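Q: for reference, the sequence and a predicted model appear below.
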Amino acid sequence: MLVDVPYWSSWQAGSDPCTGGTDGGPWYGVDCTDNNGRETANVQGLTLDNPTVDSVVVKQGKGVITTYRLSDKLTFTLGAGLTGLKQLKYLSISNLPLVTGGLPASYKTLGLLRLEISNTGMGGDTKTALPVSTFSKLLELYIDNNKFTGILPALPQQLERVQFTNERLLTGAFPTFANMPSLTAIELGNLQGLTGTWPTTWGALPALQDLIVHSMRGLTGDLSKIALPANIGKLDLDSIPKLTGAWPSAVNNKLKKMYQISISNLPLTGSVPAALPASLNSLSLNKLPKLAGKWPAGWSGLKQLQELAITNNPGFTGALPELAQLPPNVVSLDLSGNGLAGPLPASWSSKGALAGLRSVALFGNTGLKGAIPSQWSASTSPLYYNEDLGAIGPDLFLKPTTAVCGIVKNLNALEYVPKTPNSPKTLKTLGT
């Protein structure tokens, strides 16, 4: 046995890695299936990881599930031996904290299409420990939570997807990704050693569709002027404290392929524009303390929008929108934690907005008061307070499953008064 760890016992010296495993299958972590799903006689993929197992322990008469790793004692460095796997297309090394060293330069001969290194002890200067610029066929690169140092490595121009997250020892400027015409997805997160302004070159990436940037305290710039390509589909920005300014002017109704926008924990100022991409399917704006304004009337024209979450923005004020102001096909609506005020719209009837909604969240808007409109409790599209989730807390959460009707005195300190003896369990004062 090459490795004395459960799950790895199939790695027997002298046996075929494609057929020497359990029941004549491949060794654990070995994949001999090609891109067309056909079994081959050659190793196509290799996953080196530390498997987890769920163990049930009985405590005080109840079963408690504990997840643990089979072994944290696998210690090795990658050697040149893998270069003999001429058909290897993907390599994944994960959850092995005692695996050290870098990636051998000789791996450039493997013809890898996908490389993932995550949650390991691997590290060293990226110039020598992560020489991926010479990997002439590499299309996907995922690097997360290791110990690499220095600047981000040079990348192969044919790369299509790249992720660098939680590499806290990396330093230098933000990557420009210049001369990478095939790059479709970028994810950068928690790279606290990187500094600089938003690269203008990101806006010139012709194939870029998904852009995710999280937890970057060293990234600066004017949010309203960030460069984005015309084909952008997903924009996800979170916790970038030095990216300041108004709504990005590049995010407008001229974008034809944008399907998701998520902006959280940014010092975004001003209001949200009414002219958003008509192709938008999901919009989330969360914890934007400087956001101001009321419900934009133009959002009723967002016919593709299904998920809408405007949450924890005290400057987002005014009344709840009437039915005609809502996106017509929205199925999930979360407006909790804002500064909304006034009555609940009667136009949100079971034959109107509520007919297609799976969930509505309105808690935390202290200015919302008044009666629950009788139109909301029609049997064709009933409402339900989230008692099934055990959320008898300082919130109101509605979804169309069970009919109720009552009086809302204050949605931040809700008291539910049932009108009929058969109504669901009484909600007493919830909150302070």
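A: Ah, there it is. Residues are numbered from 1 along each chain as shown.
Q: so, low pLDDT: which residues of the stretch 201-350 of the chain?
A: Filtered on pLDDT under 70, the stretch 201-350 of the chain yields the residue ranges 349-350.
Q: and the strands in it?
A: Counting by DSSP state E, counting those that start in this stretch, the stretch 201-350 of the chain has strands at residues 210-214, 219-222, 234-238, 243-244, 260-264, 282-286, 307-311, 317-318, 332-334, 339-342.
Q: give me the helices and strands touching the last one, please.
A: The helices and strands touching strand 339-342, judged by 3 or more Cβ pairs under 8 Å, 6 or more residues apart in numbering; DSSP states H and E, are strand 317-318, strand 367-368. No exception for glycine: its C-beta is placed from N, CA and C like everyone else's.
Q: near the closest residue to residue 100 other than its chain neighbours, how many other residues are there?
A: What sits nearest to residue 100 in space, not counting adjacent residues and going by Cβ to Cβ, 6 or more residues apart in numbering, is residue 121, at 4.7 Å. Residue 121 has 14 neighbouring residues, counting by other Cβ atoms under 10 Å.
Q: also the one 10 residues further on?
A: Counted by other Cβ under 10 Å, the residues lying close to residue 131 total 18.
Q: same question for residue 86.
A: 10.
Q: would you confirm that it contacts residue 43?
A: No: Residue 86 is beyond contact range of residue 43, at 9.1 Å (criterion: Cβ atoms under 8 Å).
Q: quick one on the thing from earlier: so the residue nearest to residue 100 makes contact with residue 95?
A: No: Residue 121 lies out of contact with residue 95 (Cβ under 8 Å); the separation is 10.8 Å.
Q: which neighbours do these two share?
A: With contacts defined as Cβ atoms under 8 Å, 6 or more residues apart in numbering, no residue is shared by residue 121 and residue 95.
Q: mind listing what's buried along stretch 253-273?
A: 253, 255, 258-266, 268-269, 272-273 (16 or more other Cβ atoms under 10 Å).
Q: just those residues now: which is nearest residue 230?
A: Nearest to residue 230 out of the buried residues of stretch 253-273 is residue 255 (Cβ to Cβ; 7.1 Å).
Q: the closest residue to the closest one other than its chain neighbours: neighbour count?
A: Leaving out its chain neighbours, the residue that sits closest to residue 255 by Cβ to Cβ, 6+ apart is residue 277, at 4.2 Å. Residue 277 has 23 neighbours, counted by other Cβ under 10 Å.
Q: so what's residue 277 up against?
A: 251, 252, 253, 254, 255, 256, 258.
Q: most widely separated two among the residues you listed?
A: Top of the distance list for these (Cβ to Cβ): 251 and 256, 12.5 Å.
Q: residue 269 versus the nearest residue to residue 243 once chain neighbours are set aside, what's the distance?
A: With sequence-adjacent residues excluded and distances taken as Cβ to Cβ, 6+ apart, residue 243 is closest to residue 223, at 5.1 Å. In this view, residue 223 and residue 269 are 8 Å apart by Cβ to Cβ, to the nearest Å.
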